[in-house]
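*Asks:* give me coordinates for this.
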Amino acid sequence: MIIFLTMLGIGILLGFIGAGGSGTIIAILTTFFGIPLHTALGTSLAAMVFTSLAGTYSHFRENNVAVKVGLTTGIFGAVGAFIGSHISHVIPSDKLAWLTASVMFLSAALLWFRLFTKFGLFWEKTGAQKVPLGIHFGVATFSVGVVTGMMSGMFGIGASPFIQIGLLVFLGLSIQQSVGTTLLVLLPIALLGGIGYYTIGSFNIPLFLKVIAGTTVGSYIGAKFTTRVPPMFLKTTLITVPVIGGLILLLGN
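*Replies:* Next comes the predicted model:
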């Protein structure tokens, strides 16, 4: 019950910011519940399938999802995630914890740069935006998908800040669209990445069920607040969450 309630709270937060939240879930599971790191990686990544599904549905109803962009980027990302999960298996737990935390800190730094420098004006676009077509679309979705998918598979995280930045910079989505579409991208990434971890034995089914029960409900609820809060609050939360998760992961390992 404690794990369920904890995951419910995390799910609400992650649905709000449009993150699959695997990095934060990993930090909580390893630090507070003593779950082995590789098991936490595989279990939490697979759980993102349900978290992302609930959040995507809710964001779709709020008109925050660019479906073609999300599906195409996600398919490319799924291939990268499967490959990355097998690479992760050969990395020792102590080094993997530092690498995962470092990626979380990097994601926060990139988001800060994107949100609070002169480039932050890009984030002021709201509502539906026109998506580029042709070669630009193919190259952008392939690049964003494969790179972020491999990151997700290797480090067990959703890489949502990197996906959001990619959707903003290379595909021109608004902040609301990038939040909702990121969850759609994460669906195939989490599915194939989770399968990859299952094939190497880093998967705990009872833990998986507890995690998805809490985060799925929480993610659906949290997504309702994304377009109902000031943009500055959303920006600040996007940066704060990976920093806190990374610190917890380092302190617990």
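
*Asks:* ramachandran coordinates for Ile200?
*Replies:* phi -110, psi 10 (degrees, to the nearest 10).

*Asks:* quick one: Ile2 and Thr31, what's the gap?
*Replies:* 14 Å (CB to CB, to the nearest Å). Glycine gets a C-beta too; all of them are placed from N, C-alpha and C.

*Asks:* the two - which one has more neighbours?
*Replies:* Looking at Ile2 and Thr31 with other CB atoms under 10 Å, you find the greater number of neighbours at Thr31, namely 18 against 9.

*Asks:* report the secondary structure state of that one.
*Replies:* Three-state assignment for Thr31 (DSSP: H, G, I helix; E, B strand; the rest coil): helix.

*Asks:* surely Phe225 meets Phe16?
*Replies:* Yes. Counting by CB atoms under 8 Å, Phe225 touches Phe16, with 5.0 Å between them.

*Asks:* the two: who's more crowded?
*Replies:* Under the neighbour definition other CB under 10 Å, Phe225 and Phe16 were set side by side, and Phe16 has more, 25 against 15.

*Asks:* which ones are touching that one?
*Replies:* Contacts for Phe16 (CB atoms under 8 Å, 6 or more residues apart in numbering) come out as Gly222, Ala223, Phe225, Thr226, Val229, Leu234, Thr237.

*Asks:* want to throw those residues into CSV with distance to Ser143?
*Replies:* Shown next, in CSV, are these (distance: CB to CB, whole Å):
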residue, distance to Ser143
Gly222, 29
Ala223, 27
Phe225, 31
Thr226, 26
Val229, 31
Leu234, 26
Thr237, 27
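
*Asks:* name the nearest of these relative to Lys95.
*Replies:* Closest approach to Lys95 among these (CB to CB): Thr237, at 29.6 Å.

*Asks:* quick one: which helix or strand includes that closest one?
*Replies:* helix 231-252 (DSSP states H and E).

*Asks:* got the contact list for that helix?
*Replies:* In contact with helix 231-252 (CB under 8 Å, 6+ apart) are residues 13-14, 16-17, 19, 21, 23-24, 26-28, 30-32, 97-98, 100-102, 104-105, 107-108, 111-112, 115-116, 123-124, 161, 164, 175, 179, 226.

*Asks:* list the buried residues of that helix.
*Replies:* Neighbour-count burial for helix 231-252, with 16 or more other CB atoms under 10 Å as criterion, is recorded at 234-235, 238-239, 241-243, 245-246, 248-250, 252.

*Asks:* same check, this time on stretch 54-68
*Replies:* Counting neighbours by 16+ other CB under 10 Å, one finds that the buried residues in stretch 54-68 are Ala54, Gly55, Thr56, Tyr57, Ser58, His59, Phe60, Glu62, Asn64, Val65, Ala66.

*Asks:* now the end-to-end length of it.
*Replies:* End-to-end distance for stretch 54-68: 18 Å, by CA to CA, to the nearest Å.

*Asks:* so what touches that stretch?
*Replies:* For stretch 54-68, contacts defined as CB under 8 Å, 6+ apart pick out 14-15, 18, 70, 128, 131, 167, 171, 173, 176-177, 179-181, 183-184, 187, 216-217, 219-220, 222-224, 226-227.

*Asks:* with stretch 159-167 instead?
*Replies:* So stretch 159-167 is contacted by 17-21, 66, 69, 73, 77, 103, 107-108, 110-111, 114, 140, 143-144, 147-149, 151-152, 173, 177-179, 181-182, 185-186, 189, 238, 242 (CB under 8 Å, 6+ apart).
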